[in-house]
Every structure is written in C-alpha cells, then in structure tokens.
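**Student:** quick one, what's the 3D model for this:
(one chain, ligands or ions: 1)
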Amino acid sequence: MSALVEFVDLVVRFRERGGARELTAVDGVTLALERGGALALVGESGSGKTTLARALLGLVPITGGSIRFGGRELGALTAAERRAVSRRIGVVFQDPFASLDPRMSVAELLAEPLAIHGISDVREQRARSFALLEAVGLSTHDIVRHPHEFSGGQRQRIAIARALALEPELLVLDEPTSALDVSVQAQILNLLASLRERLGLAYLFITHDLGLVHQMCDSIAVLYFGRLVETNRVASFFREPLHPYARALLALARREADARERIVAAEAPSPFALPTGCSFHPRCPRRAEGGGRCEGERPPLLELALPSRASVACHLRAPTAVSDAGNPR
Ligand code: SF4
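**Tutor:** Below you'll find the predicted structure:
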C-alpha cells in the first residue's frame, strides 16, 4: 500500500496569547497513513494529536516540515488545488450536538458541502443526500428534520453522512464516540467499520480510547508533548508496547496499573518548560536504568528491525529492554 498522508518532520509552534512564551505543539513528527489504513493518534491532552490533524486540515499554520496528501506537498498547492484536496478529506468531530447547526435541516446540512464544492443542482443534491442517509442507517424521511429532533447517536450518523458527502478518501475522526452512551458508541463504531470496508476509506482517529484503537485501527502513533514516542502495528502494540509511556497508558486502560505505572498519573510538566533530555523522564518508572542519559539526552525515534515496522524513542531500546517492556509489572 502507498501512503495517502505523510507528515514529514512536522513542527507546529504557538505563541501564548498575550505573552512572549512559545510552545511547540508538534515537534518533528514524521508519520504516514496508508491508503485504506486506519491510524490512531493517542496521548494525553496536550500531546499534539489534535494539532497534527488540524495542520492536515489547514486549520493551523505549520512552522516547519511538510505534509503530503496523495504524494503532493500541501504547502506547494495553489488555493484551487488545496480546495480540491479538502474534498478528499472528511471530518467528524467529537460532539454531534455542537458540530451540526441547529437551525439547518438535514437536507441543508447535507447539501451545504456539496454546494460549496460546486454541486448546486438541487435534484443531484437530493439524490446524494438520500444515498448518504441510507449509507449511515437513517431514513430518507429524516431529511426534513432538524438536529434537535435526533438522539446523540443519530446526530453523529448525520455528521458522518455530511463528512462523506464529497466522497472523501480519508475521514479524520476526532474522538467520534466519546460524547455518546456506551451502547451507542458500539453502533457508531460498527457503522464506521462497515463504511471503511465498503468505501475503501482511510481513517485517522484522534482518541484517548485504547479500546477503540484495538477495535478499529491497524496502526498506532503515541505522542508525548508533541513528540512521537512510539509507532507500531496495533496487534504488536497490544501484545508488547515498546515505550514506557505507551506501556503505562495501556496498563492504565486495562486497569492493571501498579506502582510502576501509576507514576504516569503524576503531574505533567508545563508545555512551556519541558524537562531536558527525554521529556518523559520525571514521570518514567525506568529512568534510573538510563544511567543519566534520560535526563541529559533526548532519545531519537529509532525504527526496529523488520518485520516489526515499529519505532520507539527511548534510551532503553536495546532488544532485551524492548522485550522487558512487553511484560508489565
Ligand atoms: Fe524512560 Fe529514559 Fe526511556 Fe525516557 S529515555 S522513556 S526516561 S527510560
């Protein structure tokens, strides 16, 4: 499979509002999403996962590096070419109550993206809208209703239909089920899984939910304060997470946390003053094994030998340490 999206040494910095301080929200991230693949971006709040997706969508300016979509560098495109790329990317946000304009009917919500991209024939808009409603499991009779007349799960189905209106190749899914009841979450994930299979879509999930990652994704990228600390295939990650932070996230998700993992719940550093060396070191249960390197040297992201296709940024990346990381204590 070839890459659909490539982040190449991407850097995004923000200046504090009204202040002189600057924070690096995304710090040298190189990462690819294959055509038809499903990649999860995970990490705590402030890890940079949402900023990475917003940079892809053109919603935040990038400071350095580049983003390619379908092999073309987004920064080199004309405005018309950038609009054409934006048709190929749909977005579903976390909160279907906030993402749908309550004044608009379903017909208007589905017609809007079509009209913006030049599909203005009303009969064509209506035919496409009916097909979209059926694709997401809603009735064509729902087209005259307004968002407040639907449940949360139904609203998220409308949001998904809207994201699919322009027949994208990629859906960016920002915590798509976290605002929904558990039973409804399962229905939405099943819908997304069947749409991906039927339409050959690629998915970029931004999520805290490792259960969702396990169910929906092929690969995972773990971010910590803007830096990639691990990339892995999902099956390998759940068998043997490589980075101490990833290992702790998984242990916490499985409610297996013991003293070694609970240290991750300690207070996170300020993004304006990250620790030297490995920025995870004040919270890392294994930093003593680094012999001083953890505090003084930033570990590079290194690829492991094939066939794992994994990479990890940790000074304890030696094969014995990697193997040890797979056995949470
Ligand atoms: Fe922990 Fe050191 Fe690895 Fe950072 S480099 S994750 S502090 S062991």
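**Student:** now the residue positioned nearest the centre of the chain: which helix or strand?
**Tutor:** With distances taken as C-alpha atoms, centre = their mean, the residue of the chain nearest its centroid is residue 206 (2.7 Å). According to DSSP states H and E, residue 206 maps onto strand 202-207.
**Student:** same check on residue 65?
**Tutor:** strand 64-69.
**Student:** run the chain-centre distance for stretch 169-187.
**Tutor:** Offset of stretch 169-187 from its chain centre (C-alpha atoms, centre = their mean, to the nearest Å): 12 Å.
**Student:** other SSEs contacting the strand holding residue 65?
**Tutor:** Applying 3 or more C-beta pairs under 8 Å, 6 or more residues apart in numbering; DSSP states H and E, one finds that strand 64-69 contacts strand 3-15, strand 22-34, helix 49-56. Placement of C-beta: from N, CA and C, glycine included.
**Student:** list the contacts for the residue nearest to residue 8 when sequence neighbours are not counted?
**Tutor:** Closest residue to residue 8 apart from its sequence neighbours, by C-beta to C-beta, 6 or more residues apart in numbering: residue 66 at 4.8 Å. With contact taken as C-beta atoms under 8 Å, 6 or more residues apart in numbering, residue 66 is in contact with 8, 9, 10, 73, 74, 75.
**Student:** select from these the one having the most neighbours.
**Tutor:** residue 10 (24 neighbours; other C-beta atoms under 10 Å).
**Student:** hmm, residue 30 and it touching each other?
**Tutor:** Yes. Counting by C-beta atoms under 8 Å, residue 30 is a contact partner of residue 10 at 7.4 Å.
**Student:** need the overlap of contacts for these two.
**Tutor:** With C-beta under 8 Å, 6+ apart as the test, residue 10 and residue 30 both reach residue 65.
**Student:** and residue 81, what helix or strand is that in?
**Tutor:** Using DSSP H and E, the element containing residue 81 is helix 79-87.
**Student:** avg pLDDT for the helix or strand following that helix?
**Tutor:** Of the helices and strands lying after helix 79-87 in sequence (DSSP H and E), the nearest is strand 89-92. Computed over strand 89-92, the mean pLDDT rounds to 96.
**Student:** now stretch 63-83
**Tutor:** pLDDT averaged over stretch 63-83 gives 95.
**Student:** straight-line length of it, end to end?
**Tutor:** Stretch 63-83 has its terminal residues 21 Å apart, counting by C-alpha to C-alpha, to the nearest Å.
**Student:** could you check how far it is from the centre of its chain?
**Tutor:** Per C-alpha atoms, centre = their mean, the centroid offset for stretch 63-83 relative to its chain is 19 Å.
**Student:** related to what we said a few turns ago, need the helices and strands packed on strand 64-69 in JSON lines with mean pLDDT and distance to the ligand, can you?
**Tutor:** What follows is those, written out as JSON lines (pLDDT from 0 to 100; distance: least, C-beta to the nearest ligand atom, whole Å):
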{"stretch": "strand 3-15", "mean pLDDT": "96", "distance to the ligand": "21"}
{"stretch": "strand 22-34", "mean pLDDT": "96", "distance to the ligand": "15"}
{"stretch": "helix 49-56", "mean pLDDT": "96", "distance to the ligand": "18"}
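**Student:** next, count neighbours for residue 172.
**Tutor:** Residue 172: 25 neighbours (other C-beta under 10 Å).
**Student:** tell me where the chain has strands.
**Tutor:** 3-15, 22-34, 38-42, 64-69, 72-73, 89-92, 170-174, 202-207, 219-224, 227-233, 302-303, 311-312 (DSSP state E).
**Student:** can you tell me which residues in the chain are near the ligand?
**Tutor:** 243-244, 278, 280-281, 284, 286-287, 290, 294, 299, 314-316 (C-beta under 6 Å from any ligand atom).
**Student:** how about 8 Å then?
**Tutor:** Within the chain, the positions lying close to the ligand (C-beta under 8 Å from any ligand atom) are 229, 243-245, 277-281, 284-287, 289-290, 293-295, 299, 313-317.
**Student:** can you tell me which of those are in helices?
**Tutor:** 244, 245, 293, 294, 295 (DSSP state H).
**Student:** hmm, back to that, the helix holding residue 81 versus strand 170-174: what angle between them?
**Tutor:** Orientation check (axes from the mean of the first three to the mean of the last three C-alpha atoms, to 10 degrees): helix 79-87 against strand 170-174 gives 70 degrees.
**Student:** tell me the contacts of residue 225?
**Tutor:** Applying C-beta under 8 Å, 6+ apart, the residues near residue 225 are 27, 46, 47, 48, 268, 269, 271, 274, 279.
**Student:** whoops, residue 148 was the one
**Tutor:** Contacts for residue 148 (C-beta under 8 Å, 6+ apart) come out as residue 102.
**Student:** tell me how far it lies from residue 22.
**Tutor:** Distance, residue 148 to residue 22, using C-beta to C-beta, to the nearest Å: 42 Å.
**Student:** about what we covered before: ok, the residue nearest to the centre of the chain touching residue 41?
**Tutor:** Yes. Between residue 206 and residue 41 a contact is recorded at 5.1 Å, counting by C-beta under 8 Å.
**Student:** who touches both of these two?
**Tutor:** Joint contacts of residue 206 and residue 41 (C-beta under 8 Å, 6+ apart) are 49, 53.
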